[in-house]
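Asks: task: produce atomic coordinates for the following.
(chains A and B)
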Amino acid sequence: DSGVTQTPKHLITATGQRVTLRCSPRSGDLSVYWYQQSLDQGLQFLIQYYNGEERAKGNILERFSAQQFPDLHSELNLSSLELGDSALYFCASSASLMGSYNSPLHFGNGTRLTVT
Amino acid sequence: DAKTTQPPSMDCAEGRAANLPCNHSTISGNEYVYWYRQIHSQGPQYIIHGLKNNETNEMASLIITEDRKSSTLILPHATLRDTAVYYCIVRVGQGAQKLVFGQGTRLTINP
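Replies: Numbers count the residues shown, from 1 in each chain, chains lettered A, B, ... in the order given. Modelled structure (predicted):
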C-alpha cells in the first residue's frame, strides 16, 4: 500500500459530461502529481501541485483542471468529456521540496474512467 | 530530463535473477536513476533509486556503471509476481520534480 488514496476506482460517464477525481496524498507529502495512462499513450504527466500552488504543467487539455486544497488533497476535474478521455488517471505524491532531496513519488492505484 | 533506452521485453525463469538494463548516456551530474514497475494497470510502484553508488533494498539491487551512462536493475530471485513493466527514469534530484515515463521493459517471469 503506497498510502496514496484515489476515489472513485471506476467511473463510467457519457460524452459531454463532467467528472471529478479525488486524490489524498500520503501523510506529510506536500506535492501531488496527476498522470493519465491510455492504451496508446503510456503514462503522461498532466500537472503538479505543491502545497496548494501549481508547480508544473504537462500536456493537460484546457478542458481539464486541477486544484490542491488546504488539507492537501487534490481534485482533477475533467469536463466536456470525449471518448478519447477514457483512460486510467493516477495520482502520486512526494515529500516537501525542502529536505527531500531525491524523494521518490508514490502512486495510488488510479481511477479508471470510461466515457461512452 | 535525460532520456533512457530499455529493451521492450525480456523473459526470465522463476527463481533466477532478472537483470534489466538501461542506457542513459546523456545523464547529468545532478540526475538520479529511478526504477519503477507497473503490474497490470496498477499504479506504478517505486523500486529503488541511486546517484552513482550501487544500491540495494528489500526489493532489488541497482548497479550503476562508473561513467553513469548505464545501469542494471537486479531482481535476485524472480517470482511470477514480478511480471510487470519496468521503467528506468532519470530525474533531477533536487526539489520535487515530476517523473517522465518512457515505454519501459515488459518483463515476463516464466514458471
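Asks: strands of chain B, residue ranges please.
Replies: Using DSSP state E, the strands of chain B run over residues B:9-13, B:18-23, B:31-38, B:45-50, B:55-56, B:61-64, B:70-75, B:84-92, B:105-110.
Asks: look up the closest residue to the residue of chain B most remote from its centre, ignoring the ones flanking it.
Replies: Distance from the C-alpha centroid of chain B peaks at residue B:111, with 22.4 Å (Cα atoms, centre = their mean). Nearest non-adjacent residue to residue B:111, counting by Cβ to Cβ, 6 or more residues apart in numbering or on different chains: residue B:14, 5.3 Å away. In this view, the C-beta of every residue, glycine as well, is placed from N, C-alpha and C.
Asks: correct me if wrong: the one you found contacts residue B:79.
Replies: Yes: at 6.2 Å, residue B:14 counts as touching residue B:79 under the criterion of Cβ atoms under 8 Å.
Asks: comparing the two, which residue is more hemmed in?
Replies: residue B:14 (15 against 12; other Cβ atoms under 10 Å in any protein chain shown).
Asks: now do the contacts for the more buried one.
Replies: B:78-80, B:109-111 (Cβ atoms under 8 Å, 6 or more residues apart in numbering or on different chains).
Asks: and of those residues, the nearest to chain A?
Replies: Ranked by distance to chain A (Cβ to the nearest Cβ), those are led by residue B:79 at 19.4 Å.
Asks: who in chain B is up against chain A?
Replies: Residues of chain B found near chain A (Cβ under 8 Å from any Cβ of the partner chain) are B:32, B:34, B:38, B:41-46, B:49, B:51, B:87, B:91, B:93-96, B:98-103.
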